[in-house]
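Colleague: With the sequence up front, the predicted model follows.
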Protein chains: 2
Amino acid sequence: MITPIDNPEKARQILEVAQRRFGLYGLEKTSMREIAEDLNLSKGSLYYYFPDKEHLYIAVVEKEQNQFITNMLETLSSINEPEELLKKYVEARILYFRSLMNLSRLKVDTFNGLRPVFQDVWVKFNDMEISIVSQILTKGTELGIYYIDNMEATARLYLDVLRGLRQTIMFRKETMYLNEDEYETLMQKARHFTEMFIKSLKYNDKNNK
Amino acid sequence: MITPIDNPEKARQILEVAQRRFGLYGLEKTSMREIAEDLNLSKGSLYYYFPDKEHLYIAVVEKEQNQFITNMLETLSSINEPEELLKKYVEARILYFRSLMNLSRLKVDTFNGLRPVFQDVWVKFNDMEISIVSQILTKGTELGIYYIDNMEATARLYLDVLRGLRQTIMFRKETMYLNEDEYETLMQKARHFTEMFIKSLKYNDKNNK
């Protein structure tokens, strides 16, 4: 995402207004005209910063991703117990995705159409997540309470499963939106899986063979 | 699925021919006329057994499900080592879904349209799977090598995760079909997860607290 560097403060304001609009009305029901009006900007000026609504939307998603990662890194540095960290991570992650999905309320079809544009943002986010989970797991091995053969593969599997559990719920839906019940179901499954995951990390092959 | 009872042998023949046709050409490219011709049956007679192609297709899916369950129950009675059983289960399950998806080669849209009709068949299959996995886990607890608080919830989570991993791969696709690479990826993830799952079952809280 290229943000014109001559006025980063203006770009920041646009992102904030867009985030609020998308959050209230969803991507599809928000227009660039409305965002420009909220800011007392001409449509032309808005398009100078963001070439279209989709790019503006992706910039908002990136902003939220960075916020999530920053928060997680902060948590990571303030807590030393890896089990507590993983449990916090899984809750924060689901909350984050929930707010992100509610931000867009995209029809699944629209979402599928946007996928190619999202590819880079997702890959970057996924890499950051793998790095954060690996750091948590490393804490556990350093403390001598987790036994892990391949750190990255283990982190990747954990994240794959969390994504999979989310998709078993999203699968049946036409809109990228979780209601209260679905959210609760997802949270329970993710918590249960995280407990299972932690047990598997604690299991020491050498002691049991 | 109601099969006319006056000629179960004929119904069996129809299912066999339909299974072969669907397997070769997919649901969408197979017509009731072709199936009738394969059997030297009039279309009218065919419709006497199955009211439409979708019902015939679901009967084929049920046939494959029953085959899968029967095979798994046989395996279950012939092997006593729960770890080996789980590993066999996960391989057989993926192979089964692969053949089932290739059987249909449904567009995801068509598949979504069929969902309500499939609901009963799925629920039944899911219950049978939970029962089989619970039996495997019970063997492990009886042997004193697995430590499980809630058998059914654990079996359910295991199956949820396997479904989720499949969906992380299906997610990007327009047709319900796995190519060689996707199949390999799914197999690796499912194997890795099963190893993790087994470790979590072997982990004994009481010894480690």
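Modeller: Perfect, I can see it now.
Colleague: When you work out contacts or count neighbours from here on, use the C-alpha atoms and nothing else.
Modeller: OK.
Colleague: any chance you could map the helices in chain A?
Modeller: Secondary structure of chain A (DSSP state H): helices at A:8-25, A:32-38, A:43-49, A:53-78, A:82-104, A:108-142, A:151-170, A:180-202, A:205-208.
Colleague: Give me the contact list for the fifth one.
Modeller: Residues from elsewhere that reach helix A:82-104, judged by Cα atoms under 8 Å, 6 or more residues apart in numbering or on different chains: A:19, A:22-24, A:26-28, A:61, A:64, A:68, A:72, A:75-76, A:79, A:133, A:136-137, A:139-140, A:176-178, A:183, A:187, A:190-191, A:194, A:198.
Colleague: Mind listing what's buried along that helix?
Modeller: Residues A:82-83, A:85-87, A:89-90, A:93-94, A:96-104 are the ones in helix A:82-104 that count as buried (16 or more other Cα atoms under 10 Å in any protein chain shown).
Colleague: Equivalent analysis for the longest one, please.
Modeller: Buried positions in helix A:108-142, judged by neighbour count with 16+ other Cα under 10 Å: A:108, A:118, A:121, A:125, A:129-141.
Colleague: Show the average pLDDT along it.
Modeller: Model confidence over helix A:108-142 averages 87 on the pLDDT scale.
Colleague: ok, now the last one?
Modeller: Per-residue confidence for helix A:205-208 averages out to 65 on the pLDDT scale.
Colleague: averaging pLDDT over each of the helices of chain A, which comes out lowest?
Modeller: Confidence, taken as mean pLDDT, is least for helix A:205-208 of these (a mean of 65).
Colleague: between the helices of chain A, which one is nearest to B:Tyr158?
Modeller: With Cα to Cα as the criterion, B:Tyr158 lies closest to helix A:180-202 of those, at 8.7 Å.
Colleague: before we move on, the earlier item: considering only the contacts of helix A:82-104, which also neighbour chain B?
Modeller: Restricting these to those within reach of chain B (Cα under 8 Å from any Cα of the partner chain) leaves A:Ile198.
Colleague: Now restrict the contacts of helix A:82-104 to buried residues only.
Modeller: If you count burial by 16+ other Cα under 10 Å, the buried members of those come out as A:19, A:22-23, A:26-27, A:61, A:64, A:68, A:72, A:76, A:133, A:136-137, A:139-140, A:176-178, A:183, A:187, A:190-191, A:194, A:198.
Colleague: Show me which residues of chain A sit near chain B.
Modeller: For chain A, the residues in contact with chain B (Cα under 8 Å from any Cα) are A:157, A:160-161, A:163-168, A:171, A:189, A:192-193, A:196-203.
Colleague: The same query, at a cut-off of 7 Å, please.
Modeller: Chain A comes close to chain B at residues A:Asp160, A:Val161, A:Arg163, A:Gly164, A:Leu165, A:Gln167, A:Thr168, A:Met196, A:Phe197, A:Lys199, A:Ser200, A:Tyr203, as judged by Cα under 7 Å from any Cα of the partner chain.
Colleague: Surely the second one touches B:Leu165?
Modeller: Yes: counting by Cα atoms under 7 Å, B:Leu165 is a contact partner of A:Val161 at 6.2 Å.
Colleague: For A:Tyr183, which non-adjacent residue is closest in space?
Modeller: Nearest in space to A:Tyr183, with sequence neighbours left out and distances taken as Cα to Cα, 6 or more residues apart in numbering or on different chains, is A:Arg98 at 7.8 Å.
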